[in-house]
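Trainee: Have a look at this fold, sequence not included:
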């Protein structure tokens, strides 16, 4: 897809990234995302959470923060799903303190609506550790 001219729409790349993440092909998904960015294909509010999920599921939650920075840089809306994915990645890496600090920051600074999804993610993360 990255070799065709003109490039396919970002929707096609999002669909492919989603399938790769669903198949647990996280290194392939993150590699494709890097290629997409290097080629200058515009990413949108749907692309970034997909890649964030991929990084978090392959125990690379630290890279997830760089994706979070891309959210801010592009002015994308941050949702509870986005933060829940990042929190889950931190809990997977057993970074409990960082996860709790992030959760408190989300709540204090009103970065998104703290809902049942975020509370459930924190509770699940704490109970499994």
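Mentor: Structure's in. What do you need? Keep in mind the model is a prediction, meaning the values are calculated, not measured.
Trainee: which secondary element of this structure has the worst mean pLDDT?
Mentor: Among the secondary structure pieces of the chain, namely its helices and strands, helix 61-74 has the lowest mean (mean pLDDT, DSSP states H and E), a mean of 83.
Trainee: on contacts alone, who are the packing partners of the helix or strand that comes right after it?
Mentor: Under the assignment DSSP states H and E, the closest C-terminal helix or strand after helix 61-74 is helix 80-92. Contacts defined by 3 or more CB pairs under 8 Å, 6 or more residues apart in numbering; DSSP states H and E place helix 80-92 against helix 47-57, helix 61-74, helix 96-108, helix 116-127. Bear in mind the C-beta positions are built from the backbone N, C-alpha and C, glycine included.
Trainee: Next, the angle helix 116-127 makes with helix 80-92.
Mentor: Inter-element angle recorded for helix 80-92 and helix 116-127: 0 degrees (by axes from the mean of the first three to the mean of the last three CA atoms, to 10 degrees).
Trainee: follow-up on the earlier one: can I get the helices and strands packed on helix 80-92 in CSV including mean neighbour count and distance to residue 88?
Mentor: As requested, the helices and strands packed on helix 80-92 are exported to CSV (neighbours: other CB atoms under 10 Å; distance: least, CB to CB, whole Å):
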stretch, mean neighbour count, distance to residue 88
helix 47-57, 23, 6
helix 61-74, 16, 8
helix 96-108, 15, 9
helix 116-127, 15, 6
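Trainee: so which of those comes closest to residue 24?
Mentor: helix 47-57 (7.2 Å; CB to CB).
Trainee: Now for residue 24, how many residues are close by?
Mentor: Around residue 24 there are 12 other residues, counting by other CB atoms under 10 Å.
Trainee: Tell me which residues touch the residue lying closest to it once chain neighbours are set aside, please.
Mentor: Excluding its sequence neighbours, the residue lying closest to residue 24 (CB to CB, 6 or more residues apart in numbering) is residue 57, at 7.2 Å. With contacts defined as CB atoms under 8 Å, 6 or more residues apart in numbering, residue 57 is in contact with 21, 24, 26, 89, 92.
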